[in-house]
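Student: need a structure here:
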Amino acid sequence: MTNPEARPAPHVCTDGGLPGPRAERAGGAPVEIIGPRAVPLGGPRAMNVRRTLPQRQRSLIGAWCFIDHYGPDDVAATGGMDVAPHPHTGLQTVSWLFEGAIAHIDSGGTSADVLPGEVNLMTAGAGICHSETSDPATGRLHGVQLWLALPEEARHTAGRAFEHYVPEPVAFTGGHALVFLGSLLGSRSPVGTYTPLVGAELRLDPGAEVALATDPGFEHGLLVDTGASVALEGVHVPKDAVGYTGVGSETLRIANRGGEPARLVLLGGAPFGEEVVMWWNFLGRSTEEIRRYRDEWEAHGERFGRVEGYVGHGGPGRNREGMARIPAPELPQVPMRPRRNPAPHARSDG
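Tutor: Numbers count the residues shown, from 1 in each chain. A predicted model of the protein is given here:
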């Protein structure tokens, strides 16, 4: 998915930084709450997404650098998803749906469907472009779009690639998990990544609690999709927010204290120690590099290739606004200054 903002903010992510809001420790690891901000995806009938990463508060959780959470979206009212060809560099995109279907086409030659409970991972490497369009038969669209930052040794050498995997449910007392990246609860995903991490959908029954054995070298974020009374380490995590725990925990305790089932997405990984400049759909290491990517996209450069067969909601080769590809926004007129990612520990106020 593209970043649809007309004036996307630059993010330069490094270790250290200023303190920010956190929920108090309640019998377990400290938990920092990262709230969402609304971003419209498209024109007047835009489908809104709720973005929890990147934020001024925190830009990375492990290598996870982008979390867009959307739906349940009434496609009849909004028109659904129609993202014309757009570029990426220096990252992997991870698509995970709860409801609906999305057609994916990329310049690596892949044409695939994104379906509920099936992970699609696209590696951009030095450059790729792709389109995403909700299936005409889809009535409701609901899911998350995630990005992973590629480390220096991989971002130029990892070629355009695409992987698909359907995880088997892993049962535990009070619920089950779908482990789509990394390993958890004895389940391991075969999908390849370039840094140690984990990604899983969790379902918790009403009144259920689970203690997950976790890698103490990982920091974690728990996104609440459904469930009004979810607690992480005894701390309430509001719906659509992310509860963040830093490194050092060998167990994470998650409880559903409400009367309805809860659906959650757990993301974690080893802290990403490299400085990353993030602007629009590009991950690089400097303002000059980002400017070069933008110029090459606008010039239809070979770095990104071509999407063949895109059919948007405006007809073959066009989205509902009549665009055959998404133009890059204007770059900021000033250099992109570092915005430090805090150390991998939940923070207190002040």
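
Student: Next, the contact list for the nearest residue to residue 139 once chain neighbours are set aside, please.
Tutor: The shortest distance from residue 139 to any residue other than its chain neighbours is 5.9 Å, reached at residue 75 (Cβ to Cβ, 6 or more residues apart in numbering). The C-beta positions use only the backbone N, C-alpha and C, and glycine is treated the same way. When contacts are counted by Cβ atoms under 8 Å, 6 or more residues apart in numbering, residue 75 touches 100, 134, 138, 139, 140, 141.

Student: you'd agree residue 295 is in a helix?
Tutor: Yes - when DSSP: H, G, I helix; E, B strand; the rest coil is applied, residue 295 is found to be in a helix.

Student: Which of the helices or strands spans the closest residue to it other than its chain neighbours?
Tutor: Take residue 295 and drop its neighbours on the chain: the residue closest to it by Cβ to Cβ, 6+ apart is residue 301, 7.9 Å away. Using DSSP states H and E, residue 301 is not contained in any helix or strand.

Student: Run a quick neighbour tally on residue 335.
Tutor: 11 (other Cβ atoms under 10 Å).

Student: From residue 127, how far off is it?
Tutor: From residue 335 across to residue 127, the span is 23 Å (Cβ to Cβ, to the nearest Å).

Student: which stretches of this structure form helices?
Tutor: Listed in chain order, the helices of the chain (DSSP state H) span 75-78, 152-155, 287-298.

Student: quick one, which of these is packed in tightest?
Tutor: helix 287-298 (a mean of 17; mean count of other Cβ atoms under 10 Å).

Student: average pLDDT for that helix?
Tutor: The average pLDDT for helix 287-298 rounds to 96.

Student: which helices and strands does that helix pack with?
Tutor: strand 276-279, strand 282-284 (3 or more Cβ pairs under 8 Å, 6 or more residues apart in numbering; DSSP states H and E).

Student: rerun that using 6 Å as the cut-off
Tutor: strand 282-284 (3 or more Cβ pairs under 6 Å, 6 or more residues apart in numbering; DSSP states H and E).

Student: Please point out which parts of the strand it packs on sit buried.
Tutor: 282, 283, 284 (16 or more other Cβ atoms under 10 Å).

Student: In contact with the nearest residue to residue 262 once chain neighbours are set aside, which residues are there?
Tutor: The spatial neighbour of residue 262 that comes closest, neighbours along the chain excluded (Cβ to Cβ, 6+ apart), is residue 227 at 2.8 Å. Neighbouring residues of residue 227 by Cβ atoms under 6 Å, 6 or more residues apart in numbering: 256, 258, 262.

Student: Name the member of those with the most neighbours.
Tutor: Using other Cβ under 10 Å as the neighbour criterion, residue 256 leads the contacts of residue 227 with 28 neighbours.

Student: My read is that that residue contacts residue 209, right?
Tutor: No - with contact defined as Cβ atoms under 6 Å, residue 256 does not reach residue 209; the gap is 7.4 Å.

Student: Low-confidence stretches in the stretch 201-350 of the chain?
Tutor: 338-339, 348-350 (pLDDT under 70).

Student: Name the residues that touch stretch 249-267?
Tutor: With contacts defined as Cβ under 6 Å, 6+ apart, stretch 249-267 is touched by 28-29, 61, 64, 144, 199-206, 208-212, 214, 216, 221-233.

Student: What subset of those is buried?
Tutor: Buried members of these, counted by 16+ other Cβ under 10 Å: 28-29, 61, 64, 144, 199-204, 208, 210, 212, 214, 221-227, 229-233.

Student: Among those, which lie within strands?
Tutor: 64, 144, 199-204, 210, 212, 221-226, 230-232 (DSSP state E).

Student: Got the confidence number for residue 29?
Tutor: So, for residue 29, pLDDT stands at 87.

Student: Can you give me the separation between it and residue 71?
Tutor: 30 Å.

Student: list the contacts for the residue nearest the centre of the chain?
Tutor: Closest residue to the average C-alpha location of the chain: residue 146 at 1.7 Å, with Cα atoms, centre = their mean. Taking Cβ under 6 Å, 6+ apart, we find residue 146 in contact with 67, 94.
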